[in-house]
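In: what follows is a protein structure lacking sequence information:
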């Protein structure tokens, strides 16, 4: 089974701190994603990566950056955390199969980040 | 750009009753369509997906969904709901020309009454 793990389930940080959220997948997937989930807003894509060292902005990239140095690991970075970044963060990965539709996403359990 | 609408924010059904969760999408062609479920405190799990072919697809946990091109809909159904089905459900679309990047609906929370 595909497994996507996230480094922390719960995290509490102070305003202005630099925050790293780590995600690791064990199925050699090409694509990896970071979403934030807020009540009533569903999942919003922050960044995604389709290959090592490649990244693309999603719908809400402001205030975030990402790093993908190895295929299995995708990190989300909050350079200077703010209270409006308090949220649930979900990592996901998917396998790209040409132009086919086998792009089901596999999700990690999420990290609930609180910024005080 | 594609979009997804889940018109019902919250639905309550009695255990044993039937269920239908609505999903409408906006996209110029037929996208790839997915339903995910999120139990409290957990990540999302795929219930079922539609790529092509038979418009009625079967998924896990007794769920099914029907793709209706004329209505741009992909509604999720279950004939008899169990208390363990209480969760949040997300519909998602992926354009068939940009593999990998999904757009999710805002979700529907299902409550099951005993």
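Out: Alright, I've got the coordinates. Since the structure is predicted, the reported quantities are computational estimates derived from the model, not experimental observations.

In: isn't residue B:57 right up against residue B:50?
Out: Yes: in terms of Cβ atoms under 8 Å, residue B:57 counts as a neighbour of residue B:50; the distance is 5.1 Å. Placement of C-beta: from N, CA and C, glycine included.

In: overlap in contacts of the two?
Out: A shared contact of residue B:57 and residue B:50, defined by Cβ atoms under 8 Å, 6 or more residues apart in numbering or on different chains, is any residue touching both; here these are B:65, B:67.

In: any idea how far the residue minimising distance to the centre of chain B is from residue A:93?
Out: Using Cα atoms, centre = their mean, the residue of chain B that lies closest to the mean C-alpha position is residue B:35, 3.5 Å off. Counting by Cβ to Cβ, to the nearest Å, the gap between residue B:35 and residue A:93 amounts to 19 Å.

In: and for residue A:47?
Out: For residue A:47, the distance to residue A:93 under the criterion Cβ to Cβ works out to 13 Å.

In: just give the nearest non-adjacent residue to the residue nearest to the centre of chain B, would you?
Out: residue B:47 (4.4 Å; Cβ to Cβ, 6 or more residues apart in numbering or on different chains).

In: now residue A:80. Nearest residue, chain neighbours left out?
Out: Across the structure, with Cβ to Cβ, 6+ apart as the measure, the residue nearest residue A:80 apart from its sequence neighbours is residue A:16 (5.3 Å).

In: quickly find the element holding that neighbour.
Out: Secondary structure assignment for residue A:16, by DSSP states H and E: no helix or strand.

In: so where's chain B shaky on pLDDT?
Out: With pLDDT under 70 as the threshold, chain B has low-confidence stretches at B:97-100.

In: give the contact list for the residue in it sticking out farthest from the centre.
Out: Of all residues in chain B, residue B:114 sits farthest from the chain's C-alpha centroid, using Cα atoms, centre = their mean; the distance is 23.2 Å. Residue B:114 makes contact with B:14, B:15, B:83, according to Cβ under 8 Å, 6+ apart.

In: show me those residues that map onto strands.
Out: Using DSSP state E, the members of the contacts of residue B:114 that fall in strands are residue B:14.

In: ok, of the contacts of residue B:114, which one's closest to residue A:83?
Out: Taking Cβ to Cβ as the measure, residue A:83 lies nearest residue B:83 of the contacts of residue B:114, at 36.6 Å.

In: distance of the closest one from residue B:21?
Out: Separation of residue B:83 from residue B:21 (Cβ to Cβ): 17 Å.

In: so which residues on chain B come close to chain A?
Out: Of all the residues in chain B, those in contact range of chain A (Cβ under 8 Å from any Cβ of the partner chain) are B:9, B:32, B:34, B:36, B:41-46, B:49, B:51-52, B:90, B:92, B:94, B:96-97, B:99-107.

In: buried subset of those residues?
Out: In terms of neighbour count (16 or more other Cβ atoms under 10 Å in any protein chain shown), the buried residues within the residues of chain B next to chain A are B:32, B:34, B:36, B:43-44, B:46, B:49, B:51, B:90, B:92, B:94, B:96, B:99-107.

In: can you give me the strands for chain B?
Out: Taking DSSP E as the criterion, chain B carries its strands at B:3-5, B:10-14, B:19-21, B:24-26, B:32-38, B:44-50, B:56-58, B:64-68, B:73-78, B:87-94, B:103-104, B:108-113.

In: pull the contacting residues for the most centrally placed residue in chain A.
Out: Geometric centre of chain A, nearest residue: residue A:34, 2.3 Å, by Cα atoms, centre = their mean. The contact partners of residue A:34, by Cβ under 8 Å, 6+ apart, come to A:21, A:23, A:45-48, A:58, A:64, A:66, A:74, A:76, A:89-91.
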